[in-house]
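Participant: Mind looking at a prediction? Sequence and model below.
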Amino acid sequence: MGCAGFGVAEKEIAMLKRVHFNKTWLPFMLVAPQIAITLIFFIWPATQAVYQSFLIEDAFGLSTEFVWFENFQYLFTDEIYLNSFGRTIFFSAAVAFISMSSALVLAGFADRVIRGATTYRTLLIWPYAIAPVLAGALWVFMFNPTLGILPYFLDFFGYDWNHYLNGGQAMLLVILAAAWKQIAYNFLFYLAAMQSIPRSIIEAGAIDGARPIRRFWTLVFPLISPTTFFLLVINAVYAFFETFGIVHAVTQGGPANATTILVYKVYNDGFVGLDLGGSAAQSVILMIMVIFMTIIQFRFLERKVQY
Amino acid sequence: MVEHRPILNIVTHLVLILGILIVALPIWITFVAATHDEARMLQAPLPLLPGPYFIENFKKTLFGSGLSGTETAPVWRMLMNSLFMAIMIAVGKIAISLLSAFAIVYFKFPFRMGFFWLIFITLMLPVEVRILPTYEVVADLGMLNSYWGLSIPLIASATATFMFRQVFLTIPDEMLESARIDGAKPMRFFFDILLPLSRTNIAALFVILFIYGWNQYLWPLLITTETDMTTIVMSIKQMLEAAEQSPQWNIIMMTALLAMIPPVFVVIGMQKMFVKGLTETDK
């Protein structure tokens, strides 16, 4: 199979214990549960999604017609879909940027702390444990236009907050909630990366007269760039696929589709709008994007895990 | 620390404390909302300091019938559902991944690499990209509104399989050689040697997967229609909808608090295992 495509040596993939068992039926029994679940709940539905993306169902669900790529053609001329696409990319970039840069700053400072470092870490990581939809609920409560605490303070500055009416504010709120939840993850990985830099390198920089900020930009930041790249991919995947709950709780895609990101649109068109072909075609496009991101992740990231 | 810079040290702690305050603000506001009565939660500005109604709200939320005017299951029931789902997902993923990793590392059999790649592909198929057809499969199997339907479709796991495969590959071959000399059959070797040696990895993975399972949202939303099967995480959204008519923010925020306590407790209480699990599975 296409293992070469992942840039991994064949030898390593075929890795098997030198000493091994030679039973004929037992290994099949062992992989059976995983393979059965994979086939029934992953592979079969995915092929169904691909098949359905080539079909158009009439308005009453009585007949279906095989239309090849018509659903896709329609999507790529549909302004609502294209806007949603652009919006998703903007959303992901904003979430990744806000979340990663705040995590980088916090990790940079936490790396300097000797006493109390674990306490800081403990207090910064727990948003990881909070479900996206809950994160959404907390933020929507804080920003409730009539009751929320933050709109109350914003009012003092003459700023009128109502994310139910203002699309830009709705987007900002969804971005903040999504970025807030992801800071913990980024912080942990940045801190781990910084702590693995040998102290001697930093000390050498200090002896050469580089001040802390300069050392950060010329030594630390370049040395942790593999982590930055890894986190970029992970944050993109997160923003694309795992933020459904946030959008569903905070804005339900509104106002006027201002926060309808792709994942929300697949759900909405499929389960609410019952447009099976269109929703399936969107699923297939998302699937291609995940495959692409997974390949990037495995091909260019040379992670600790070697396959 | 490389050099002594008192001002920078103060700045360091200030930035970290500020960061913690910003990160904690939403939780603090939630907690405060859960300690006031309904009337107080309807006047702007909302309080920033806790009130005296925490215990009362706690009892009302946990044992009452949830929000008045909505038909949700009692909150304790939803907590139980979430707990069952999270544990079934975590244990299921670990069990089937251990078995398949064992087969792939320790056995030579036809289609071994084919199976390996099949498992790998699941990485590329998150629920979000196949929601409708997967829903149809579960409906056809009659698994809607059941714990099986909530957990089984989510328990295939490439990352867990890969992690255990890595762990097994680091176990010296001599282990198997000596086990064989002692006459151990494969499953005996698996239970008596491999399982004990992967103990810490199993624990670390359990922490991550428990949180993953507890926080599932889209999947339970699709396949549970009966209020009895609602999970706590799902109920927040239903309550937010109801809040548009009759806002009882004290109850809603208490429910939110109850929904986040178990996973937050797991992260903080098992921090070492959590960090290990997170960095070793990378997802």
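Facilitator: Arrived safely, thanks for sending.
Participant: Tell me who's in contact with the closest residue to A:Val67 other than its chain neighbours.
Facilitator: Distance criterion C-beta to C-beta, 6 or more residues apart in numbering or on different chains; nearest residue to A:Val67, sequence neighbours excluded, is A:Ile56 at 5.0 Å. Quick note: C-beta positions are derived from backbone N, CA and C, even for glycine. Applying C-beta atoms under 8 Å, 6 or more residues apart in numbering or on different chains, one finds that A:Ile56 lies in contact with A:Thr64, A:Glu65, A:Val67, A:Glu70, A:Asn71, A:Gly277.
Participant: got the phi/psi numbers for the first one?
Facilitator: Per-residue torsions, A:Thr64: phi -120, psi 150 (degrees, to the nearest 10).
Participant: My read is that it contacts A:Tyr51, right?
Facilitator: No: between A:Thr64 and A:Tyr51 there is no contact under C-beta atoms under 8 Å: 10.5 Å.
Participant: For the residue nearest in space to the middle of chain A, report the pLDDT, please.
Facilitator: Closest to where the C-alpha atoms of chain A average out (C-alpha atoms, centre = their mean) is A:Tyr238, at 1.1 Å. Looking at A:Tyr238, its pLDDT stands at 91.
Participant: quick check, stretch A:131-150 touching chain B?
Facilitator: Yes: interface with chain B: stretch A:131-150 contributes A:131-135, A:137-142, A:146-149 (C-beta under 8 Å from any C-beta of the partner chain).
Participant: Just flag the most distant two among these.
Facilitator: A:Ala131 and A:Thr146 (25.6 Å; C-beta to C-beta).
Participant: between those two, who's got more neighbours?
Facilitator: Neighbours were counted for A:Ala131 and for A:Thr146 using other C-beta atoms under 10 Å in any protein chain shown; A:Ala131 has more, 29 against 10.
Participant: Now do the same contact list for the more buried one.
Facilitator: A:Gly245, B:Trp214, B:Asn215, B:Gln216, B:Tyr217, B:Val233, B:Ala259, B:Met260, B:Pro263.
Participant: Quick check: it vs B:Ser235, distance?
Facilitator: A:Ala131 sits 11 Å away from B:Ser235, going by C-beta to C-beta, to the nearest Å.
Participant: list residues touching both of those two?
Facilitator: By C-beta under 8 Å, 6+ apart, the residues touching both A:Ala131 and B:Ser235 are B:Ala259.
Participant: returning to what we had before: let's have the contacts of A:Ile56 in JSON lines, adding neighbour count and pLDDT.
Facilitator: JSON lines is the format used below for those (neighbours: other C-beta atoms under 10 Å in any protein chain shown; pLDDT from 0 to 100):
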{"residue": "A:Thr64", "neighbour count": "14", "pLDDT": "75"}
{"residue": "A:Glu65", "neighbour count": "11", "pLDDT": "75"}
{"residue": "A:Val67", "neighbour count": "15", "pLDDT": "76"}
{"residue": "A:Glu70", "neighbour count": "16", "pLDDT": "81"}
{"residue": "A:Asn71", "neighbour count": "23", "pLDDT": "84"}
{"residue": "A:Gly277", "neighbour count": "22", "pLDDT": "82"}
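Participant: In helices, which of those appear?
Facilitator: A:Glu70, A:Asn71, A:Gly277 (DSSP state H).
Participant: Of the residues you listed, which is the nearest to chain B?
Facilitator: Using C-beta to the nearest C-beta, A:Gly277 comes nearest to chain B of these, at 10.5 Å.
Participant: Run through the residues that contact that closest one.
Facilitator: By C-beta under 8 Å, 6+ apart, the contact list for A:Gly277 reads A:Gln52, A:Ser53, A:Phe54, A:Leu55, A:Ile56, A:Glu57, A:Val67, A:Asn71.
Participant: Dump the residues you listed to JSON lines, plus secondary structure.
Facilitator: Below are these laid out as JSON lines (DSSP: H, G, I helix; E, B strand; the rest coil):
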{"residue": "A:Gln52", "secondary structure": "helix"}
{"residue": "A:Ser53", "secondary structure": "coil"}
{"residue": "A:Phe54", "secondary structure": "coil"}
{"residue": "A:Leu55", "secondary structure": "strand"}
{"residue": "A:Ile56", "secondary structure": "strand"}
{"residue": "A:Glu57", "secondary structure": "strand"}
{"residue": "A:Val67", "secondary structure": "coil"}
{"residue": "A:Asn71", "secondary structure": "helix"}
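Participant: Excluding chain neighbours, give the residue nearest to A:Val233 in space.
Facilitator: A:Gln297 (5.0 Å).
Participant: ugh, wrong one, I meant B:Ile20
Facilitator: A:Leu123 (4.7 Å).
Participant: tell me which element that neighbour falls in.
Facilitator: helix A:117-125 (DSSP states H and E).
Participant: Tell me which helix or strand comes right after that helix.
Facilitator: helix A:132-142.
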